[in-house]
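> need a 3D model of the following:
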Amino acid sequence: MPELPLKPARELAQHPRRFPNESAEYRQARTELLAEEIELRRHIERVAARRRSLPLGGQVPQDYRFEGEHGPVRLSQLFGDKQSLITYNWMYGPARPRPCPMCTALLSGFDGQVPDLLQRVAFAAIARSPIERQVAFKRERGWRHVPLYSSGGNSFNRDYAHEDPESGEDNPALNVFVRRGDAVHHFWAEEMGPESADAGQDPRGAPDLMVLWTLLDKTPQGRGTDWYPSLTYSQP
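So this is what the prediction gives:
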């Protein structure tokens, strides 16, 4: 199907809506920004289209065995009746007394979305800590929907999160796998890390996975440089 011609973003940015007491200066700057936002939306869609058109990645080297909340399960079984599987490796390795606050904030946001997500794809949150430890934290946080799995007995984190288990450190990782017949292939991974970060910025993907940062980016103070999520906050 041929692509429809796009109207200039500056043309689409013109609309009659106005807010109380806004100045002409504000409206001009906001309209110029809106044109940039429209161009950003278009670029996001172009990137998403290129992502969807990727050829299959490598076939997974083994049908990894995980410990789930309801017993052992293989990678191929995580798909259920879906053809795509999203996995998120959260930083809760055996050496950590508590999980990573950033990963926790991300999964807290995902938790409410999982029932919607599972209508189209499968999803799994994976860490090397024993499953009992992960489930205890899930109860503490009040998560209801995020499915947790332990990879402590396999090499999944080494292969797809590029962890060195001997170091005791762990890495966050987002991966997408696809099933074609009896074969499971890697399809896409988040590869924007510290080595690809721009000067003065924390490494992050684009678009950002965390709605927390997306909302803060809409404010005058932005996301800032000296604040991160915490597992607990002092009461006012």
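
> next up, the contacts around Ala197.
203-204 (C-beta atoms under 8 Å, 6 or more residues apart in numbering). To be clear about C-beta, it is placed using only N, CA and C from the backbone, and glycine gets the same treatment.

> got the confidence number for it?
Note on Ala197: pLDDT of 77.

> roughly how far does it sit from Asp159?
24 Å (C-beta to C-beta, to the nearest Å).

> domains for this protein, by residue range?
Domain segmentation of the chain under automatic domain parsing yields 24-53, 65-189, 192-223.

> mean neighbour count, these: which tops it?
domain 65-189 (a mean of 17; mean count of other C-beta atoms under 10 Å).

> what is the mean pLDDT for that domain?
For domain 65-189, the per-residue pLDDT averages 96.

> can you give me the offset of it from its chain's centre?
12 Å (C-alpha atoms, centre = their mean, to the nearest Å).

> quote the end-to-end distance of it.
Terminal residues of domain 65-189 are spaced 20 Å apart (C-alpha to C-alpha, to the nearest Å).

> SS state for the residue most central in space within the chain?
Note on the chain: the residue nearest the mean C-alpha position is Leu209, at 4.1 Å, using C-alpha atoms, centre = their mean. Judged by DSSP: H, G, I helix; E, B strand; the rest coil, the three-state class of Leu209 is coil.

> now it, what are its backbone angles?
With angles defined as degrees, to the nearest 10, Leu209 sits at phi -70, psi -20.

> and the one 5 residues further on, by the same measure?
Note on Thr214: its backbone torsions stand at phi -60, psi -40 [degrees, to the nearest 10].

> doesn't Pro207 make contact with it?
Yes: Thr214 lies in contact with Pro207 (C-beta atoms under 8 Å); the separation is 7.5 Å.

> any idea which element Pro61 lies in?
Element membership of Pro61 [criterion: DSSP states H and E] is none; it lies in no helix or strand.

> for it, which residues are in contact?
Contacts of Pro61 (C-beta under 8 Å, 6+ apart): Asp159.

> please begin residue numbering at 40 from this point
From this message on, residue numbering opens at 40, which makes the last subject Pro100.

> quick check: it vs Leu114, distance?
From Pro100 to Leu114 the distance is 11 Å (C-beta to C-beta).

> ditto for Phe162
13 Å.

> please enumerate the shared neighbours of the two.
Leu124.

> max-length helix in the chain?
helix 63-91 (DSSP state H).

> now for that helix, which elements pack on it?
The helices and strands touching helix 63-91, judged by 3 or more C-beta pairs under 8 Å, 6 or more residues apart in numbering; DSSP states H and E, are helix 48-51.

> and the contacts of the helix it packs on?
By C-beta under 8 Å, 6+ apart, the residues outside helix 48-51 that reach it are 74-75, 77-78, 81.

> go again using 6 Å as the cut-off
Contacts to helix 48-51, defined as C-beta atoms under 6 Å, 6 or more residues apart in numbering, come from residues 74, 77-78.

> now swap in stretch 192-208 and tell me
Residues outside stretch 192-208 that contact it (C-beta under 6 Å, 6+ apart) are 103-104, 128, 134, 167, 190, 209-210, 212, 214.

> how does it look with 10 Å?
With contact meaning C-beta atoms under 10 Å, 6 or more residues apart in numbering, stretch 192-208 is reached by 99-106, 111, 114, 126-130, 132-135, 165-167, 169, 188, 190-191, 209-214, 216, 225, 228, 232.
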